[in-house]
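Enquirer: Provide a 3D model corresponding to the input given below.
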Amino acid sequence: MSRALAWIRKSKGDDSDVGLEEQRELVRALAEDVASEVDVLDLGIHTGFSTMTRNDPAGLLDQNERVQNRVDELETGTYSHLVAWDDRRICRDEYFSVIQYAAKQGNTEIVYVGDVNDDDLTFDLKRRIERDTKEEEIKKSRRAIERRREKGYDHGRPRFGMTYDADGHYQIPGEDFEIVLEIFQYDRNGMSRREIAEEVDRPLGTVQNVLDRQQWYVKRSNIAESDSAEILDW
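Expert: You can find the predicted model right below:
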């Protein structure tokens, strides 16, 4: 059975941007044409930029939990099609290549309502100009990331169940860390990853990413001061 993800987003303050209502109608219609089931990711008015080209504590595309979950689902093959108005409605910077890669891993076909050049460059002329005007900002962001790496700090959005410490240097257990522990426990009890995803009510891709990074979670967890020591001590 085929299943499509209809991806809808409009940039803030861009009057030339295609409207939300038009996207909601036509993107949904195309999704229903290509697949028997349709899920909708309606971001409304939301930035199309990510932490790959912006240095912002919150609000960027790859910091949105709904986007993170959908990208995880694309990678694990949940969808046969990803449908959007055009590539710029999905994303406006290099994070688009991350989404493309996830779709490729999940054997998901990306289709558009509007006309998009079918090439490997992924960025149209307008996006290239937009990026060029922000080149200095991008360089500063990359230099900041490199300095964090040199000092051994974490960078990028926190992994599932984690948050940054008060200094913003390292990822530590956050609000959903108990779910991480549950995932580890269910895995040790012999449950399949799909069964675990159903049990903790999280996307299969999230469960897979947590289990694939068990040692990373162990390294960043204060086992000595946690009731989870027995679960994590392997």
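Enquirer: what residue ranges in the protein score low on pLDDT?
Expert: Scanning the chain for pLDDT under 70 picks out 13-17, 115-142, 222-234.
Enquirer: tell me which element the spatially most central residue of it falls in.
Expert: Nearest to the mean C-alpha position of the chain, by CA atoms, centre = their mean, lies residue 68 at 2.7 Å. Using DSSP states H and E, residue 68 maps to helix 65-75.
Enquirer: which residues does the helix or strand following that helix contact?
Expert: Toward the C-terminal end, the helix or strand that comes next after helix 65-75 (DSSP H and E) is strand 81-84. Residues outside strand 81-84 that contact it (CB atoms under 8 Å, 6 or more residues apart in numbering): 2-8, 27, 30-31, 34-35, 74, 90, 99, 103, 108-113. (Each C-beta comes from the backbone N, C-alpha and C, glycine too.)
Enquirer: give me the buried entries from the residues you listed.
Expert: 3-8, 27, 30-31, 35, 74, 90, 99, 103, 108, 110-113 (16 or more other CB atoms under 10 Å).
Enquirer: now the nearest residue to residue 210 once chain neighbours are set aside: which helix or strand?
Expert: Among residues not flanking residue 210 along the chain, residue 183 sits closest, at 5.0 Å (CB to CB, 6 or more residues apart in numbering). Assessed by DSSP H and E, residue 183 sits inside helix 177-188.
Enquirer: other SSEs contacting that helix?
Expert: helix 193-200, helix 204-212, helix 214-220, helix 229-232 (3 or more CB pairs under 8 Å, 6 or more residues apart in numbering; DSSP states H and E).
Enquirer: select, out of those helices, the one closest to residue 62.
Expert: Nearest to residue 62, of all those, is helix 204-212, at 13.9 Å by CB to CB.
Enquirer: tell me the angle that closest one makes with helix 65-75.
Expert: Per axes from the mean of the first three to the mean of the last three CA atoms, to 10 degrees, the angle that helix 204-212 makes with helix 65-75 is 80 degrees.
Enquirer: list the helices and strands helix 204-212 packs on?
Expert: Using 3+ CB pairs under 8 Å, 6+ apart, helix 204-212 sits against helix 65-75, helix 177-188, helix 193-200.
Enquirer: who's in contact with it?
Expert: Applying CB under 8 Å, 6+ apart, the set of residues contacting helix 204-212 is 69, 71-73, 75-76, 78, 159-161, 180, 183-184, 187, 193-194, 196-197, 200, 217.
Enquirer: would you mind getting the angle between the helix holding residue 183 and helix 204-212?
Expert: Using the same axes, to 10 degrees: helix 177-188 against helix 204-212 is 80 degrees.
Enquirer: touching helix 177-188 from outside, list them.
Expert: 160-162, 173, 193, 195-196, 199-200, 202, 207, 210-211, 214, 217, 221, 228, 231-232.
Enquirer: hang on, the earlier thing: pick the most buried one from the helices and strands packed on helix 177-188.
Expert: Counting by mean count of other CB atoms under 10 Å, helix 204-212 has the highest mean neighbour count of these, with a mean of 20.
Enquirer: roughly how far is that one from the heart of the chain?
Expert: 13 Å (CA atoms, centre = their mean, to the nearest Å).
Enquirer: tell me the contacts of residue 156?
Expert: residue 51.
Enquirer: helix, strand, or coil at it?
Expert: Secondary structure assignment for residue 156 (DSSP: H, G, I helix; E, B strand; the rest coil): coil.
Enquirer: where's residue 88, which helix or strand?
Expert: Counting by DSSP H and E, residue 88 is found in helix 87-90.
Enquirer: on contacts alone, who are the packing partners of that helix?
Expert: For helix 87-90, the packing partners by 3+ CB pairs under 8 Å, 6+ apart are strand 3-10, helix 95-105.
Enquirer: with that, I have no additional questions.
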